[in-house]
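Visitor: Prediction below, plus the sequence it came from.
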Amino acid sequence: MPEVTLTAPPPRPELLRQLSVRLDELIPGARVLAERILGAESRIDLVALEPTGRVALVLVGADGEDLELVGRGLAQRAWVQARLGDWLQLAPHLGVRPEAGVKIWGICPSIRPEAVAAAAELGPDAFGMAVYRCVHNGSSMEILVEALIGGPPPRAVPPPPSTVHPIEAPAFRTGLADADLGLTTEEIREFE
């Protein structure tokens, strides 16, 4: 079995290509609409569309750029939200729903607690953060992605089949007769 080792990220175009292939792990069912588009004074690495019609912006950073991605992500989100109506006019067939909003994804090789706290303050529906790791698996290089906040819910694992058989409880019986209770005929009819 080949040994798996951590390795440096590939050149940026290859990194973005491989991350776009793995995007479904963060945003199930998403499809990439655009790559490297100019947004609010900088490039948005990936623009994707979630099955709900919400736009997802993916910003990829290097080590130590995690907190910067939070700030840049907010600026890009505001820029894109202001233009969603125009995008809808240009490409109505894409399925963009402006009322569904825009979610940001910041992806870095490491994310500090400060950046997680800042993104979490915005809420998991507004900002997601994930780490990527580049690994050599034999002769090939792979990128692994793990959501820290804002990712899909963990897949439910069905419980193992139960081998315990339920025991039927016997019918309730006190052994008392109507006469033992000292009830009148009218009182007994109330219970029927």
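Guide: Perfect, I can see it now. The shown structure was predicted, so the numbers you read here are calculated from the model rather than taken from an experiment. Residues are numbered from 1 along each chain as shown.

Visitor: Need the CA coordinates for the lengthiest helix in the chain. PDB is fine.
Guide: The residue-count maximum for a helix in the chain (DSSP state H) belongs to helix 66-81. C-alpha atoms of helix 66-81 as PDB (Å, rounded to 0.1, in the frame of the first residue of the first chain):
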ATOM      1  CA  ASP A  66      -7.700  32.900   7.000                       C
ATOM      2  CA  LEU A  67      -8.700  36.000   8.900                       C
ATOM      3  CA  GLU A  68      -8.200  38.100   5.700                       C
ATOM      4  CA  LEU A  69     -10.600  35.800   3.900                       C
ATOM      5  CA  VAL A  70     -13.300  36.600   6.300                       C
ATOM      6  CA  GLY A  71     -13.000  40.400   5.600                       C
ATOM      7  CA  ARG A  72     -12.600  39.800   1.900                       C
ATOM      8  CA  GLY A  73     -15.500  37.400   1.900                       C
ATOM      9  CA  LEU A  74     -17.800  40.000   3.400                       C
ATOM     10  CA  ALA A  75     -16.800  42.600   0.800                       C
ATOM     11  CA  GLN A  76     -17.300  40.100  -2.000                       C
ATOM     12  CA  ARG A  77     -20.600  39.000  -0.600                       C
ATOM     13  CA  ALA A  78     -21.900  42.600  -0.600                       C
ATOM     14  CA  TRP A  79     -20.600  43.200  -4.100                       C
ATOM     15  CA  VAL A  80     -22.300  40.100  -5.500                       C
ATOM     16  CA  GLN A  81     -25.600  40.600  -3.600                       C
END
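
Visitor: Who are the packing partners of it?
Guide: Packing partners of helix 66-81 (3 or more CB pairs under 8 Å, 6 or more residues apart in numbering; DSSP states H and E): strand 43-49, strand 55-60, strand 102-108, helix 113-122, strand 127-137. No exception for glycine: its C-beta is placed from N, CA and C like everyone else's.

Visitor: Buried residues in the last one, which are they?
Guide: It stands for strand 127-137. 127-132, 134 (16 or more other CB atoms under 10 Å).

Visitor: lowest confidence element among the helices and strands of this protein?
Guide: The helix or strand of the chain with the lowest confidence, counting by mean pLDDT, DSSP states H and E, is helix 178-181 at a mean of 68.

Visitor: Give me whichever of the helices and strands packed on helix 66-81 is most buried.
Guide: Among the helices and strands packed on helix 66-81, the stretch with the highest mean neighbour count (mean count of other CB atoms under 10 Å) is strand 102-108, at a mean of 26.

Visitor: Alpha carbons of that strand, as CSV, please.
Guide: Below are the C-alpha coordinates for strand 102-108, written out as CSV (Å, rounded to 0.1, in the frame of the first residue of the first chain):
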residue,chain,number,x,y,z
VAL,A,102,-25.1,34.5,-1.0
LYS,A,103,-22.9,32.3,1.1
ILE,A,104,-19.2,32.7,1.4
TRP,A,105,-16.7,29.9,1.8
GLY,A,106,-13.1,30.6,3.0
ILE,A,107,-10.7,27.7,2.4
CYS,A,108,-7.2,27.7,3.8
